[in-house]
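>>> Sequence and predicted structure below; questions after.
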2 protein chains.
Amino acid sequence: MRLDGVFMNWEEKYAKRARGMRASAIRELLKLTQQPDIISFGGGLPSPDAFPVEIIKKVTLEVLTREPEKALQYGTTEGDPNLRRFIAERVARFGIKTEPDNVLITSGSQQGLDLIGKVLIDEGDIVMIEAPSYIGGLQAFRAYMPKFEAVPMDDDGMKMDSLEEKLKTLDTCPKFIYTVPTFQNPAGVTMSVERRKKLVEISNRYQVPVLEDDPYSELRYSGETLPAIKSFDTEENVIYMGTFSKIFAPGMRLAWIIGDTAFMRKCVIAKQGTDLCTNPFTQKLAYEYCSKYLDEHIKRIKDLYAAKRIIMLEAFDQYMPPGVKWTRPEGGMFLWVTLPEGLNATELLPRAVEKKVAYVGGEGFYDGGGERNMRINFSYSSHEQIREGVRILAEVIKEAMAKR
Amino acid sequence: MRLDGVFMNWEEKYAKRARGMRASAIRELLKLTQQPDIISFGGGLPSPDAFPVEIIKKVTLEVLTREPEKALQYGTTEGDPNLRRFIAERVARFGIKTEPDNVLITSGSQQGLDLIGKVLIDEGDIVMIEAPSYIGGLQAFRAYMPKFEAVPMDDDGMKMDSLEEKLKTLDTCPKFIYTVPTFQNPAGVTMSVERRKKLVEISNRYQVPVLEDDPYSELRYSGETLPAIKSFDTEENVIYMGTFSKIFAPGMRLAWIIGDTAFMRKCVIAKQGTDLCTNPFTQKLAYEYCSKYLDEHIKRIKDLYAAKRIIMLEAFDQYMPPGVKWTRPEGGMFLWVTLPEGLNATELLPRAVEKKVAYVGGEGFYDGGGERNMRINFSYSSHEQIREGVRILAEVIKEAMAKR
């Protein structure tokens, strides 16, 4: 084995999984949105007004005075015991019964998605997804080279008859069914209680785990809180994920997975090799914050986002030309827009950015399809920016419609 | 496909890579060391006295007053621009010439090792390692199922003639050569300058990338600073890793990778899917700390550890029976102990823990071998604990020698 005098060819060094890796549209957009004069409806960024800055100053001083030697040292892979206990108790409001031992703290939900992929997916395995599905989930799973099978949705979420139809025709059992059932990212849709029950029934019957990714349940602006899919899970077949990014701050990089004891043990071992432990410092801050300030702060951000949602829906009603459709979600952070036939949201983006408005085109959320869709975030921008941004976006769409 | 009435068998759901995953000895030990009455020579924990607690309070208030909206928001995957620039400049002291664009901030070195494995290793690929090698590296790489080829070391580090010998006999080109050249973990050995040059020459000739993992270079207590392997790298074939865990605080979970532009781009994309971004909050704290306090603080921890190293070496000289051998490293955090023939360090551990002393047995650092070795950390315990712990450890060893 000698290759004397040849320059290193990195391309041929890459593992198969890495060769096809592409940058996510969302991440690339984040760079755009750092330009100060852009009105960004892209990303899923909380409003900077929503960050509890003064509280964080206070809890930092408390933690660094009380237990610096723990906050600044390596921590256990499983996570801070107090924070795990807090989460196990907190999710009871969504009907979930669990123990602190079944909770793993992760470095954001994205790491949760990666770990679950790492533990479950072999090349060629089937993963059932929603159409459309969360772009970050697709990206995390793709690293382990599954085959996606997409299940259509309607206003009540993933269609259970279509899911069962698909399962019956498959030769091999899918590794899991991935769903964001509440205020879905990107479609804004919420799965009905009836379908949640049905999904658990299907999971049990076909022995397919369900991955319930739930970043938004705490951000409901109207209607009744729904029980989690996991609340109907009697056989530990549902893996549940939640995050502090929307109710505390994304910069803390904190989220959690709850699941079957043996499965969680495997996730812990996978996490050891992946990053040893989640940030113990920000975990301590999160616990201090949660145990004293969480409910009051969530009330504040819900008021903030509920108002922005109304402003955005009003602006859509006022400016959008006939033929454009959008959702009216009861919570979360996004509208899902469908353009008239013949228009392509990704092709429109450069023109929109030129006019200083950014959004995410629908294609990234599909494993094929979504050309006519836009995901529009309403949590990040100010009221004025929302009105102005929607006005500009409507102009760009009208311009394109005129050219059809 | 129907499996009606059968309980979920998680074992059969796991991906092939996950089936063999075992908990790392180090992580399990960390749990032990959380018992307050244990003297722990296990782990690679900095001393709690080494944490700049008051400085961290100060920089936290500064950052949260000046730029809370950036510190608490999602960040770019590449990392904080100021911190990347700082690192690019800092590594010049080890002879490395690089640009901020070639620096990727990771969630600790463990994530760096995982990302490099993810980007480079396909099942069955060869990875060259040192014998012994860093346990966390082996664990990270194993998730991607390589074959390890171990190269022996002597007092000057990895033996270059053995490395070249191995390379000549291999049918396929290894994906990379993994080395901790300075104050090696666990063996404490430092690679000579001559071998560093030779390694780059071999890397170029055989077109095998080198992964230089360098957590300890800043912690030199005697002797001259050596140039990094990467300082001799003219073809961008060396990937260099460093960390803030030993010079700031492990709880911040911050480290970095420096490498070839195309390769780093691939690592960034892999990181997007793995955890979106490294904690932007602790990155801002690290930059604020580094730009104002780093050198003064490193001086303080070097004094602290240099003293502990002397106390430990004195205790070994005083207590250990003839036949036990240990290294006298010029830096880092570990002694590497070799027991007399017929003794097994892993088998001795339960007895040592019973007597309230913990260490790591050598086997975890080898892909086969190391039974007679112990890794002994001297940075974490107090002077008194070091003397007492070594005394007890010597007793346990004498007891076992008497029973041979």
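Looks like it came in fine. Numbering: from 1, shown residues only, chains lettered A, B, ... in the order given.
>>> Show me which positions of the helix ranked longest in chain A end up buried.
As assigned by DSSP state H, the longest helix anywhere in chain A is helix A:280-319. Within helix A:280-319, the residues that qualify as buried by neighbour count (16 or more other C-beta atoms under 10 Å in any protein chain shown) are A:280-290, A:293-294, A:297-298, A:301-302, A:305-306, A:308-309, A:311-313, A:315-316, A:319. For glycine as for every other residue, the C-beta is placed from the backbone atoms N, C-alpha and C.
>>> The residues you listed: which ones sit near chain B?
Restricting the buried residues of helix A:280-319 to those near chain B by C-beta under 8 Å from any C-beta of the partner chain leaves A:280-282.
>>> how about TSV for those, with pLDDT added?
Formatted as TSV, these follow (pLDDT from 0 to 100):
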residue	pLDDT
A:280	98
A:281	98
A:282	98
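>>> Residues touching the longest strand along chain A, excluding its own?
Secondary structure of chain A per DSSP state E: the longest strand is strand A:147-154. Outside strand A:147-154, the residues that touch it by C-beta atoms under 8 Å, 6 or more residues apart in numbering or on different chains are A:124-133, A:138, A:141, A:158-159, A:162-163, A:166, A:170, A:174, A:177, A:184, A:187, A:189, A:366-368.
>>> One more pass at 7 Å, please.
Residues from elsewhere that reach strand A:147-154 (C-beta atoms under 7 Å, 6 or more residues apart in numbering or on different chains): A:124, A:126-131, A:158-159, A:162-163, A:166, A:174, A:187, A:189, A:367.
>>> Counting neighbours, what do you get for residue A:164?
Applying other C-beta atoms under 10 Å in any protein chain shown, we find 16 residues neighbouring residue A:164.
>>> follow-up on the earlier one: give me the sheet partners of the very next helix or strand once past the longest helix of chain A and which way each runs.
Later in the chain than helix A:280-319, the nearest helix or strand by DSSP states H and E is strand A:325-326. When pairing is defined by DSSP bridges, strand A:325-326 lines up against strand A:334-338 (antiparallel).
>>> and the strand it pairs with, how far out from the chain's middle?
15 Å (C-alpha atoms, centre = their mean, to the nearest Å).
>>> quick check: mean pLDDT across it?
What strand A:334-338 shows for mean pLDDT is 96.
>>> Give me the angle between it and helix A:280-319.
Here the directions of strand A:334-338 and helix A:280-319 differ by 40 degrees (axes from the mean of the first three to the mean of the last three C-alpha atoms, to 10 degrees).
>>> CA-only coordinates of strand A:334-338 in PDB, if you can.
Provided in PDB are the C-alpha atoms of strand A:334-338 (Å, rounded to 0.1, in the frame of the first residue of the first chain):
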ATOM      1  CA  PHE A 334     -45.300  28.600  12.500                       C
ATOM      2  CA  LEU A 335     -47.900  29.100   9.700                       C
ATOM      3  CA  TRP A 336     -47.700  26.700   6.900                       C
ATOM      4  CA  VAL A 337     -48.500  28.400   3.600                       C
ATOM      5  CA  THR A 338     -49.500  26.700   0.300                       C
END
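>>> Spell out which parts of the stretch 151-300 of chain A neighbour chain B.
Residues of the stretch 151-300 of chain A lying close to chain B (C-beta under 7 Å from any C-beta of the partner chain) are A:167, A:170-171, A:173, A:175, A:205-207, A:209, A:235, A:237, A:249-253, A:260, A:262-263, A:266, A:269-270, A:272-276, A:279-282.
>>> Now a PyMOL select for only the buried ones of those.
Written as a PyMOL command, the selection of buried residues from these, which uses 16+ other C-beta under 10 Å, is:
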select buried, chain A and resi 167+173+175+206+207+209+237+249+250+251+252+253+260+263+266+269+270+272+273+274+275+276+279+280+281+282
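>>> just the contacts of strand A:147-154 now: which is nearest chain B?
Distances from chain B to these, taken as C-beta to the nearest C-beta, are shortest for residue A:174 (9.1 Å).
>>> Check what pLDDT the closest one gets.
96.
>>> go on, residue A:4?
As predicted, residue A:4 sits at a pLDDT of 49.
>>> cool, the one 4 residues further on as well?
At residue A:8 the predicted local distance difference test score is 80.
>>> count of neighbours near residue A:198?
Neighbours of residue A:198 under the rule other C-beta under 10 Å: 19.
>>> so where's the stretch 151-300 of chain A uncertain?
Applying pLDDT under 70 to the stretch 151-300 of chain A picks out no residues at all.
>>> just the strands in it please.
A:157-158, A:176-179, A:210-213, A:238-243, A:255-258 (DSSP state E, counting those that start in this stretch).
>>> Confirm that residue A:144 sits in a strand.
No: read with DSSP: H, G, I helix; E, B strand; the rest coil, residue A:144 is coil and lies in no strand.
>>> From residue B:143, how far off is it?
Taking C-beta to C-beta, to the nearest Å as the measure, residue A:144 and residue B:143 are separated by 11 Å.
>>> Mutual contacts of the two, please.
With C-beta under 7 Å, 6+ apart as the test, residue A:144 and residue B:143 both reach residue A:118.
>>> re earlier: biggest separation within the contacts of strand A:147-154, which pair?
A:124 and A:189 (29.8 Å; C-beta to C-beta).
>>> Which residue ranges of chain A form helices?
A:10-13, A:16-19, A:25-33, A:53-66, A:68-71, A:81-90, A:109-120, A:135-142, A:160-169, A:193-206, A:261-275, A:280-319, A:345-354, A:383-403.
>>> wait, which of those helices is closest to residue B:338?
Among the helices of chain A, the nearest to residue B:338 by C-beta to C-beta is helix A:261-275 (27.3 Å).
>>> So which elements touch the closest one?
The contact analysis (3 or more C-beta pairs under 7 Å, 6 or more residues apart in numbering or on different chains; DSSP states H and E) places helix A:261-275 against strand A:103-106, helix A:109-120, helix B:108-120, helix B:135-142.
>>> will you turn those into a markdown table that also has mean pLDDT?
Formatted as a markdown table, the helices and strands packed on helix A:261-275 follow (pLDDT from 0 to 100):
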| stretch | mean pLDDT |
| --- | --- |
| strand A:103-106 | 98 |
| helix A:109-120 | 98 |
| helix B:108-120 | 98 |
| helix B:135-142 | 94 |
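>>> what about stretch A:325-341, start to end distance?
Using C-alpha to C-alpha, to the nearest Å, one end of stretch A:325-341 lies 11 Å from the other.
>>> Name the residues that touch that stretch?
With contact meaning C-beta under 7 Å, 6+ apart, stretch A:325-341 is reached by A:44, A:183, A:185-190, A:216, A:219-223, A:312-313, A:316, A:323-324, A:345, A:372-379, A:397, A:401.
>>> which of those are buried?
Judged by 16+ other C-beta under 10 Å, buried ones among the contacts of stretch A:325-341: A:44, A:183, A:185-190, A:216, A:219-221, A:312-313, A:316, A:324, A:345, A:372-379, A:397, A:401.
>>> First-to-last residue distance for stretch A:275-284?
Where stretch A:275-284 begins and where it ends lie 18 Å apart, using C-alpha to C-alpha.
>>> same thing with stretch A:43-50?
16 Å.
>>> which parts of that stretch are buried?
Residues of stretch A:43-50 classed as buried by neighbour count (16+ other C-beta under 10 Å): A:43-47, A:50.
>>> Now that stretch: average pLDDT?
The model assigns stretch A:43-50 a mean pLDDT of 88.
>>> Go ahead and measure how far it is from the middle of the chain.
The chain centroid and the centroid of stretch A:43-50 are separated by 14 Å, computed with C-alpha atoms, centre = their mean.
>>> just stretch A:372-391 next, same as before
Relative to the centre of its chain, stretch A:372-391 is centred 19 Å away, using C-alpha atoms, centre = their mean.
>>> what about that stretch, near chain B?
No: for stretch A:372-391, no contact with chain B is found by C-beta under 7 Å from any C-beta; the gap never falls below 9.3 Å.
>>> Can you give the contact residues for that stretch?
Stretch A:372-391 is contacted from outside by A:39-47, A:132, A:186, A:305, A:308-309, A:311-312, A:315-316, A:319, A:333-339, A:343, A:345, A:357, A:359-362, using C-beta under 7 Å, 6+ apart.
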